[in-house]
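S.K.: one predicted model, sequence on top.
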Amino acid sequence: MSEYPDPDEEYELMYSDELEMMREVEDHVGPNPIRKKMNLVKRSLDFSSTPSNYPVTLNQDINIPSTDQVLTNNDNNSISQDDRIPSHKRTAEELFGDIGDIDFESLQLPNKKQKTEEESDFDLISKIIEGRRLRQMLNEPSNRIQADTKSFYNVKENMSLDIPSWPFMALTNSDGNRVYVKLESEDSWNTSLDNCSNELSLHASLASAWEEARKILENKTQVTNQIDEDVIQTPINENVDLWVDKYRPNSYIDLLSEEPVNRALLHWLHLWDKIVFKKDVIVKEPQQQNKFVKRTGQFQLTNKWKGKKETEVEMDEDGRPHHKVALVCGPPGVGKTTLAHLLAKLAGYRPVELNASDERSTEAFQTALQSATLMRSVLDADKRPNCLILDEIDGAPTQTVELLVKWCMASLKEEGKKKGKSHPLRRPVIAICNDLYATSLRPLRPISLIVTVNAVSQARLSARLGVVAKREHITINPRLLTALAARAQGDVRSALHVLSFCRARGKPLNIDDIENTSFGMKDCNKTMIQALQAIFAINDKDPNAALKIIQAAGEYDRLAEGIFENYLSARVDARLHIACETTSWLRLYDLVYAWILRNQNYSLYGLLPYCLSRCHTVLASRQPFRVKFPMQAQDMFRKKAELESIVSSVWRGSVPSVLIGRKTLLLDVIPLLPYLLSPQLRSGNIQLCSENEKKSVAICAGAMCDYGLQYVQQRTPEGLYAFVLEPNVHRVAFMENIDRVKTNPTVRQAIAQEQQLEIIRRNDQMMTRNCKKTEESKTTRKEKPKPEIKLPNHLQRLQPKAVEKSTPQVHKDFFGRIVPLSQVQKQDAVSDVISLSNVFYQYREGYNNAVRRNVRMRDLL
Amino acid sequence: MSLWVDKHRPKDLLKLDFHKDQAVRLKSLVQQSDFPHLLVYGPSGAGKKTRIMCLLRELYGSGVERLRQETMHFTTPSNKKIEIMTVSSNYHIEVNPTDVGIYDRVVIMDLVKNVAQTHQIDSSGQREFKVVILNEVDDLTKDAQHALRRTMEKYVATCRLILIANSVSRVIPAIRSRCLTIRVPAPTESEVCSVLQTVCKKEGLNLPSELALKISKCSGRNVRRALLMCEACKVQQYPFKADQKVPEPDWQLFIKETASMILSEQSPKKLGEVRQKLYELIIHGVPPDIIFAGLLKELVINCDMAMKCQVASHAAMFEHRMRLGNKAIFHLEAFVAKFMAIYKKFIEDSVGDAF
């Protein structure tokens, strides 16, 4: 695109698709007002057909001699003035003549299908007209006048089917009818021309043009409306009543969900009969149920139901069912809500629904629960007890669910105790959810009857779609219905929506529409396990299915791990070529993924599924293969972190002087530490050991201090106390058998004691070093003998604390003058009468140190 | 009383047991007033750290031995708080930036800046620069290495860097050229033996030379490991016997075991068992490159020359890819699978030739 196209080309380029579209639209829609009009023009030229219900359109200016100026036009098209070739396809250009002269930058070509955009149509037309008018005025003013005169030409006056009184010319049209056209003298024509020219001002012509343009549009919209009404009978009806509602099942037979599911829920509802309707519940024989289960072969209820068969305790002591709440779960659109409503009605209840659109705070929920389930609120208009249906409960806050659980757990007997405080549940409550394992539902799950509604089977769904199509008078191929049902994946609602959408398009469906279009596409999310299974199985129908499923599943990392853990057993691989091939793809995956993570550049992310799908081509086989969920990698990660924490605690605990790199610590020191820390002693008692043994224990203790290890007493499960190394380097040092090098418990104890001593010794050393440092700096005196410090702690004796010699206190009197010491002492001695005697007694209650004696400094010195 | 490794670590350059001429050269280097940044590299257990500590002692006196352990805190640009343990004296600070993984750049920039910008309080009697020791420089990210090259030049007046690495191949050339590289090769087996003998003599023990040789062989010329092994031997049994069992690090034995498993049978089932072993090694924190090296070393013993080349080249390739990737186990297992395929083909061919 080095050079710009010239304006014409540019226009073509810009509007080429619109033009194309318009052509197509005209092709398809068919009855287009403009085209009809053009047909009429054609007719007026050759008189081949009678003017039928249209206003009279024949208009031949036989009065005008100068034929070059004659314009054969119908009455309401004054705009077109160029010679037209009546063609089948009409574009905007042909409609409005050459419109290249008009500035289209700010305009858009009218889209004839859009009825609502009349405004823009008007705009466009007026602009075109205006633009053209200006141009005409500049170029050929005479032409303009001529063109405009025609609007003053009265058709009714000039033509007749009967023989008129005025001079005429008889013409015969193709039907053989005669038409009489008025002959006008040249004078009268001229006068009429003059009349026109008087009124011909720019304003008037514009107004008329505007008026006509509007008429055209009005006609057009009328006609299109007619067309719409012809082709689609009741579009408004559809808006009022969705098919989903229209064809909602009204009886038990109509339900699309599986029979056992329906029956389970209905059975549960009937269990409430005793307390709600005060009549006994007929409990079926369990054997029958068993038979039924076998017959259907697809009894997919949870174990709650199965367990009940054994215990046969369906009712609690209050006569209420064991499970107070039925929890209906299943994917969206399978008819859970419908099922709940219908069954509640069938069981004689009035369903009261509370769903996500209602407020679900605990307060609101409580009031709703009370109003819905309490006995006293039963008697309303239709005298039926309520059945509360809590729709979309998995979105409710946890507190709300907990409230519901509390409500359900309250028994009738408790109510007797605390009067009116809490009202136990007396009405069935059906909770509906999509995700059974939502965290908020955790308290509800154990107390509720879980009814799983599975996706509707394809056959049933397509049959139902057929019924609907038949009732809506849609002729549709059963194969298409099957495809539609398959596409919906058991979602009745979406299938019906798609069907009604197809209907609204007004075009017959074909298989491509269903297979390829984007409408009605369900979220095709796949779980990782599904993807793994797809990888390990050959899919004959679609070789690219595995790739699609991988892409849908996401979680490529887990998938890669899954492949890695499963590939060895997937196929017979005696020469390990498959293993090599698979690992090469997995390695590529790892490289790409690591690159992505390192550079934070996700442009290669799209390649990851290809790496995995290549593994599919290598590994897929026909034999059924049970895929294991990938656990090893996570397991490894967890264990590794655990051991790493041990290493790092050793590393952090070690003394700076022995501190080495973490890697060397891990590879060199720790693997040998257990050997080093297990000295061989003849006895546990360290006093009885030889000098060498003592030394080895000392080394051991020193090493443990260096590396921050400790023997900690721990209580074993057997109730014994054992010394355990903390942090446990044995776990890091040894691969499989941790206790390969095991020390005697007594030896451990000895080491532990020795280590305590060693710690004390080291602290002592540290202290003395500090002391030494201070002493050195002060350079006062060096009197502490070194061997004394080396003495082990347990051998040291408690020395009395040396009393520091304090400088004699200088006494000052009130004014700050120094009072001589002797005077002070004398004063003290004189003043204190008690202290005159050497010994005195004082009784102090509760103390035994009653004897006090004055000890003077000089006595001590 | 601490372990022999720590107890008998030489503290003076001239008292080193091997590479003595190098020690002399280092001493003369230090005795001049100035010395450049150093990049000390060599295999683990060759005495890099010992030499550096001796060097520092030569520079600053015994004050460098008064070490303290500190935890420093840094904040990354993304406001993540990281902490790293440092060992420092008044004259130097030692840090292992790879402990913080990908944030090592922040550590290097902040730490070196901090150290470099604080001048010595009393520069009269001492050198006017501090020393920053960075461990495991070859495992630094490229970002960190690039951050280092500018800092090295900028703060050369106030601080010297001593970089420690196992191999310079992963240190960018820009840093290599800014440093005086000092290679500390692993001691020969006889040198290891003599070290063991001197230590034992100091401890008052009698070490048979056969056992010393055995230990030095087992240690793979790693003095630290040799000393630890020797002490472990002593703890297990004293007086020494020449044919005494030398305790080895368990992971080494485990790798050997794995290799023998691979050689015993080549089938997907065996591969699955090998995988468990590999997992176990990874769990215990053995670096995957060491697993690679260990496996290769054990596996090629049983290969003829042509196969050796093939296997070694595959191992190199897989190891390289593993460094680029994240999941070491994929690459390890891929290598094992490849080896099994090659080995099986070789066995089948040779059996076919026999008939």
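M.R.: Cool, got the structure.

S.K.: quick one, what contacts the residue nearest the centre of chain B?
M.R.: By Cα atoms, centre = their mean, the mean C-alpha position of chain B lies nearest to B:Ser44, the distance being 3.3 Å. By Cβ atoms under 8 Å, 6 or more residues apart in numbering or on different chains, the residues touching B:Ser44 are A:Lys663, A:Thr664, A:Leu667, A:Asp668, B:Asn166, B:Asn222, B:Arg224. Any C-beta I mention is one placed from the backbone N, CA and C, and that applies to glycine too.

S.K.: and the gap between it and B:Arg224?
M.R.: To B:Arg224, B:Ser44 is 8 Å away according to Cβ to Cβ, to the nearest Å.

S.K.: so where is the stretch 101-250 of chain A shaky, pLDDT-wise?
M.R.: A:101-119, A:138-157, A:184-185, A:192-205, A:223-240 (pLDDT under 70).

S.K.: can you give me the helices in it?
M.R.: Assigned by DSSP state H, counting those that start in this stretch, the helices in the stretch 101-250 of chain A fall at A:118-139, A:141-149, A:155-158, A:186-199, A:202-231, A:235-240, A:243-246.

S.K.: how many other residues sit next to residue 244?
M.R.: With no chain named, the answer covers chain A. With neighbours defined by other Cβ atoms under 10 Å in any protein chain shown, the count for A:Val244 comes to 18.

S.K.: was after chain B, sorry
M.R.: 18.

S.K.: where does residue 35 land on pLDDT?
M.R.: Chain wasn't specified; assuming chain A. Per-residue confidence (pLDDT) for A:Arg35: 44.

S.K.: wait, I meant chain B there
M.R.: For B:Phe35, pLDDT reads 81.

S.K.: which residues are in contact with it?
M.R.: Counting by Cβ under 8 Å, 6+ apart, B:Phe35 has contacts B:Leu29, B:Arg160, B:Leu180.

S.K.: separation between the first one and chain A?
M.R.: With distances taken as Cβ to the nearest Cβ, to the nearest Å, B:Leu29 is found 24 Å from chain A.

S.K.: ok, now B:Phe35?
M.R.: 24 Å.

S.K.: checking that residue next. Helix, strand or coil?
M.R.: coil (DSSP: H, G, I helix; E, B strand; the rest coil).

S.K.: please apply the same query to A:Ala459.
M.R.: Assignment for A:Ala459 (three-state DSSP): helix.

S.K.: and it, how many neighbours does it have?
M.R.: 10.

S.K.: contact partners for it?
M.R.: Taking Cβ under 8 Å, 6+ apart, one finds A:Ala485 in contact with A:Ala459.

S.K.: A:Leu444 and A:Val325 touch, don't they?
M.R.: Yes: the criterion here is Cβ atoms under 8 Å, and A:Leu444 meets it with A:Val325 at 6.5 Å.

S.K.: residues shared between the contacts of those two?
M.R.: Joint contacts of A:Leu444 and A:Val325 (Cβ under 8 Å, 6+ apart) are A:Leu404, A:Ala431.

S.K.: the contacts of B:Ser44 into JSON lines, with extra columns for distance to A:Ala372 and neighbour count?
M.R.: Output for these, formatted as JSON lines (distance: Cβ to Cβ, whole Å; neighbours: other Cβ atoms under 10 Å in any protein chain shown):
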{"residue": "A:Lys663", "distance to A:Ala372": "67", "neighbour count": "20"}
{"residue": "A:Thr664", "distance to A:Ala372": "72", "neighbour count": "18"}
{"residue": "A:Leu667", "distance to A:Ala372": "70", "neighbour count": "23"}
{"residue": "A:Asp668", "distance to A:Ala372": "73", "neighbour count": "24"}
{"residue": "B:Asn166", "distance to A:Ala372": "75", "neighbour count": "18"}
{"residue": "B:Asn222", "distance to A:Ala372": "79", "neighbour count": "22"}
{"residue": "B:Arg224", "distance to A:Ala372": "78", "neighbour count": "24"}
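
S.K.: tell me how far the residue nearest to A:Asn539 when sequence neighbours are not counted lies from chain B.
M.R.: Leaving out its chain neighbours, the residue that sits closest to A:Asn539 by Cβ to Cβ, 6 or more residues apart in numbering or on different chains is A:Ala545, at 4.4 Å. Distance of A:Ala545 to chain B, given as Cβ to the nearest Cβ: 25 Å.

S.K.: before we move on, back to that, make a ChimeraX selection of whichever of the contacts of B:Phe35 turn out to be buried.
M.R.: Buried subset of these, written as a ChimeraX selection, criterion 16 or more other Cβ atoms under 10 Å in any protein chain shown:
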select /B:29,160
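
S.K.: buried set for the strand or helix carrying A:Ala531?
M.R.: Secondary structure from DSSP states H and E places A:Ala531 in helix A:528-535. Neighbour-count burial for helix A:528-535 flags A:Met528, A:Ile529, A:Ala531, A:Leu532, A:Gln533, A:Ala534, A:Ile535 (criterion: 16+ other Cβ under 10 Å).

S.K.: residue boundaries of the strands in the stretch 51-200 of chain B?
M.R.: For the stretch 51-200 of chain B, the strands defined by DSSP state E, counting those that start in this stretch cover B:68-75, B:81-88, B:92-95, B:130-134, B:159-165, B:180-183.

S.K.: is chain A within reach of the first one?
M.R.: Yes: residues of strand B:68-75 are located near chain A by Cβ under 8 Å from any Cβ of the partner chain, namely B:Arg68, B:Gln69.

S.K.: what lines up beside that strand in the sheet?
M.R.: Applying DSSP bridges to the sheet, strand B:68-75 is found paired with strand B:81-88 (antiparallel).

S.K.: quick one: work out the angle between the partner strand and strand B:130-134.
M.R.: Strand B:81-88 runs at 120 degrees relative to strand B:130-134, counting by axes from the mean of the first three to the mean of the last three Cα atoms, to 10 degrees.

S.K.: ok, and what's touching strand B:81-88?
M.R.: A:651-652, A:656, A:659, B:67-76, B:93-97, B:99-100, B:103, B:106-107, B:111.

S.K.: then stretch B:195-205?
M.R.: So stretch B:195-205 is in contact with B:4, B:8, B:17-18, B:187, B:206-207, B:209, B:212, B:215-216, B:223, B:226-227, B:230, B:234, B:238, B:240, going by Cβ under 8 Å, 6+ apart.

S.K.: any of those residues buried? List them.
M.R.: For those, buried by 16+ other Cβ under 10 Å: B:4, B:8, B:17-18, B:187, B:207, B:212, B:215-216, B:223, B:226-227, B:230, B:234, B:240.

S.K.: what about those, which are in helices?
M.R.: Within the buried ones among the contacts of stretch B:195-205, residues falling in helices by DSSP state H are B:Trp4, B:Ala212, B:Ile215, B:Ser216, B:Val223, B:Ala226, B:Leu227, B:Cys230, B:Lys234.

S.K.: check the first one and give its pLDDT.
M.R.: Looking at B:Trp4, its pLDDT stands at 87.

S.K.: show me the contacts for A:Arg682.
M.R.: A:Leu688, A:Cys689, A:Ser690, A:Glu693 are the contacts of A:Arg682 under Cβ under 8 Å, 6+ apart.

S.K.: looking at these, which are in helices?
M.R.: A:Glu693.

S.K.: which of the contacts of A:Arg682 are buried, as a ChimeraX select command?
M.R.: Of the contacts of A:Arg682, the buried ones go into a single ChimeraX selection, burial set by 16+ other Cβ under 10 Å:
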select /A:689,693
